[in-house]
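**Student:** Let's see this in three dimensions:
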Amino acid sequence: MKKDNIIARAAFVGFGEVNSPQQLIKEKCFTALEEVRSLGIEVVTTDHVTDDPKGVDVKRAIADLKKEDFDLLIICLAGWIPSHAVISITGEFKSTPMILWGLAGDIENGRMVTAAPQAGTTALRKVFGDLGYKFKYVYNIIGKPSPLEKIKDFAAAAAAIRSLNRTKVGMMGYRDMKLYNTLYEGLSLKSVIGTEIEFFEMLEMYQLSEKTEEKDILPLLDKVKSEWDFEKPADDNFLKKGISYYLAIAKIAAENGYDAVSLKDVDGMKKILEFPPAMIFMLLSDEMKLCAIPENDAMGAVTQLIVKHITGQCAAYLEFYEFFEKSVLLGVPDFIPSEVVNGRVKVTPAAFGNISGGLLNISTMKTGNLTLARLSNTGSQYTMHICTGEGRLRSWEEAGWDYPAPQLPSLEIFLDSPVEDFAQKISGQHYIIAYGNHFQTLRDFCYLKGIEVI
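**Tutor:** Modelled structure (predicted):
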């Protein structure tokens, strides 16, 4: 995942025809290179490339780039260049995501002066496609800013492609409540996304929790009591048990390198151990910075990882409750990560129907513009449903909770597309959110992965 504000690592190669003014080509490529760096993209590069008859520049560029490791290749044309000089380089990295970027000329003394970069890009755009490259075509316009947001979006998507290949979801139990849309197909998931889903047993977690020592529990108990606001007092023994379960799962997650965790919730933690796992999910999210989602929701967890690797956010899950003419109500009957809480985390002991009492997160969520997404599959064919909107607060309650019913963490989301169109594409009860508009980056990711956007 992205670290230290670096969104991606790119290789940058500038081009210009051997007969063009070389100082002009060099200066334009340098300016473009610095613009890319300004986006938070780490850049490896080489001197600009011409179509010199002996191919010295091409050989040098290939040798320079093969020494490095990068997420995407930026092909930047400052002027006309015969296609063969570019393809000689890109052919060495044909499985790497690419950006084909044409710079622009200038206005000097009222006259337009250009080295014809768009002659070069237009000679290449279809060729790139015919060669099977996964690429984005962008171009500058004289007097206008460079298309840096498009470059940034694509770079973030390309970086996520690589980082997701090393991700794992830890799944305790299987198919909670015998749900269908939480299932997954392992081989195609590994092939398309790269994520592994590994299982561990509730018994393993329970046995580890029984061995947890008081000295390991007490520091976290003190932290929980100081950082969470309790609307009603919670029993210390209950909190200690939750912490011991968390520490057991945390140990399993750390030893196996899990990036996300999902637990058998209703038919597992609640039914067998009589312990609603909201508290455990909160600690996994906040202490270990893992993606967490209930009910063995495999595809929900994978969506979380995609959103997290693209945005750097925690990728919280929400569940549908109601549809309105222009909005949808989404909330959670258990937990949210502290990252999406407005103010301090607020909790209360509560019970729902025949399910024994637990600790419920009743924090107020942050509002604002956001993106909703969910990955799904039919066999080996994958789709991602993406929508943007604005999240606002609304007072409501879910029937079945102890009186007085708690105000669940939730948002009424006013969609940027018609609710009816959105509803007809919904692929599960759990959707993943990120604050801000990340539609284009997610769409770029799906393009690179061959996933249909709906």
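
**Student:** Residue 70 in helix, strand or coil?
**Tutor:** coil (DSSP: H, G, I helix; E, B strand; the rest coil).

**Student:** So it sits against residue 10, correct?
**Tutor:** Yes - with contact defined as C-beta atoms under 8 Å, residue 70 counts as touching residue 10 (5.7 Å). All C-beta atoms are positioned from the backbone trio N, CA, C, and that covers glycine.

**Student:** For the two, indicate the residue with more neighbours.
**Tutor:** In terms of neighbours (other C-beta atoms under 10 Å), residue 10 is the more surrounded of residue 70 and residue 10; the figures are 28 against 22.

**Student:** which residues do residue 70 and residue 10 both contact?
**Tutor:** By C-beta atoms under 8 Å, 6 or more residues apart in numbering, residue 70 and residue 10 have these common neighbours: residue 44.

**Student:** Which strand residues bridge residue 43?
**Tutor:** residue 10 (DSSP bridges).

**Student:** residues in contact with it?
**Tutor:** For residue 43, the contacting residues are 9, 10, 11, 12, 33, 36, 37, by C-beta under 8 Å, 6+ apart.

**Student:** Rebuild those as CSV, extending it with distance to residue 330 and pLDDT.
**Tutor:** Converted to CSV, these look like this (distance: C-beta to C-beta, whole Å; pLDDT from 0 to 100):
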residue, distance to residue 330, pLDDT
9, 35, 97
10, 36, 98
11, 41, 98
12, 41, 98
33, 43, 98
36, 37, 98
37, 38, 97
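
**Student:** Now for the residues you listed: which two are most distant?
**Tutor:** Taking C-beta to C-beta as the measure, these span a maximum distance of 13.9 Å, between 9 and 33.

**Student:** Low-confidence regions, this protein specifically.
**Tutor:** 1-4, 353-357 (pLDDT under 70).

**Student:** how close does the residue with the largest distance to the centre of it get to residue 116?
**Tutor:** Here the chain reaches farthest from its C-alpha mean at residue 109, the gap being 47.3 Å by C-alpha atoms, centre = their mean. Residue 109 sits 19 Å away from residue 116, going by C-beta to C-beta, to the nearest Å.

**Student:** And the helix or strand harbouring residue 301, what's buried?
**Tutor:** If you go by DSSP states H and E, residue 301 is part of helix 298-311. Buried positions in helix 298-311, judged by neighbour count with 16 or more other C-beta atoms under 10 Å: 298-311.

**Student:** same deal with stretch 159-179?
**Tutor:** 159-164, 167-173, 176.

**Student:** cool, and stretch 59-69?
**Tutor:** Quick answer for stretch 59-69 (16+ other C-beta under 10 Å): 61, 62, 65.

**Student:** Which of those fall within strands?
**Tutor:** Of these, none are assigned to strands by DSSP state E.

**Student:** Please report how far the residue nearest to residue 383 when sequence neighbours are not counted lies from residue 427.
**Tutor:** Take residue 383 and drop its neighbours on the chain: the residue closest to it by C-beta to C-beta, 6 or more residues apart in numbering is residue 452, 4.6 Å away. As for residue 452, its distance to residue 427 is 12 Å (criterion: C-beta to C-beta).

**Student:** of those two, who's got more company?
**Tutor:** Comparing residue 452 with residue 427 by other C-beta under 10 Å, the one with more neighbours is residue 427, at 18 against 11.

**Student:** ok, and what's touching the top helix by length along the chain?
**Tutor:** In the chain, taking DSSP state H as the definition, the longest helix is helix 236-256. Contacting residues not belonging to helix 236-256 are listed as 168, 170, 172, 198, 200, 204-206, 208-210, 212, 214, 216-217, 220-221, 224-225, 258, 261, 263, 273, 275, 277, 279-280, 283-284, 287-288, 290, 349, 359 [C-beta under 8 Å, 6+ apart].

**Student:** Which of those residues are buried, as a ChimeraX select command?
**Tutor:** Selecting the buried subset of these in ChimeraX, with 16+ other C-beta under 10 Å as the burial test, is done by:
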select :168,170,172,200,205,208,209,212,217,220,224,258,261,263,273,275,277,279,280,283,284,288,290,349,359
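
**Student:** The contacts of helix 236-256 in strands, which ones?
**Tutor:** Using DSSP E, those in strands are 168, 170, 172, 198, 200, 261, 263, 349, 359.

**Student:** can you put these in a markdown table and add distance to residue 437?
**Tutor:** Output for these, formatted as a markdown table (distance: C-beta to C-beta, whole Å):
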| residue | distance to residue 437 |
| --- | --- |
| 168 | 29 |
| 170 | 31 |
| 172 | 34 |
| 198 | 33 |
| 200 | 37 |
| 261 | 28 |
| 263 | 31 |
| 349 | 38 |
| 359 | 34 |
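
**Student:** on that earlier part again, out of the buried residues of helix 298-311, which is nearest to residue 98?
**Tutor:** So of these, ranked by how close each gets to residue 98 (C-beta to C-beta), first place is residue 310, at 18.5 Å.

**Student:** Quick one: residues contacting the closest one.
**Tutor:** Neighbouring residues of residue 310 by C-beta under 8 Å, 6+ apart: 156, 157, 160, 434, 438, 441, 442, 445.

**Student:** How about residue 345?
**Tutor:** 227, 228, 229, 282, 338, 361, 363.

**Student:** For it, list each beta-bridge partner.
**Tutor:** Residue 345 has these beta-bridge partners by DSSP bridges: residue 228.

**Student:** now residue 436: how far from residue 391?
**Tutor:** 11 Å.

**Student:** Which one's more surrounded, these two?
**Tutor:** Neighbour count, other C-beta under 10 Å: between residue 436 and residue 391, residue 391 has more, with 23 against 13.

**Student:** Identify the bridge partners of that one.
**Tutor:** residue 368, residue 413.

**Student:** care to break this protein down by domain?
**Tutor:** What automatic domain parsing lists as the domains of the chain is 8-163, 165-453.
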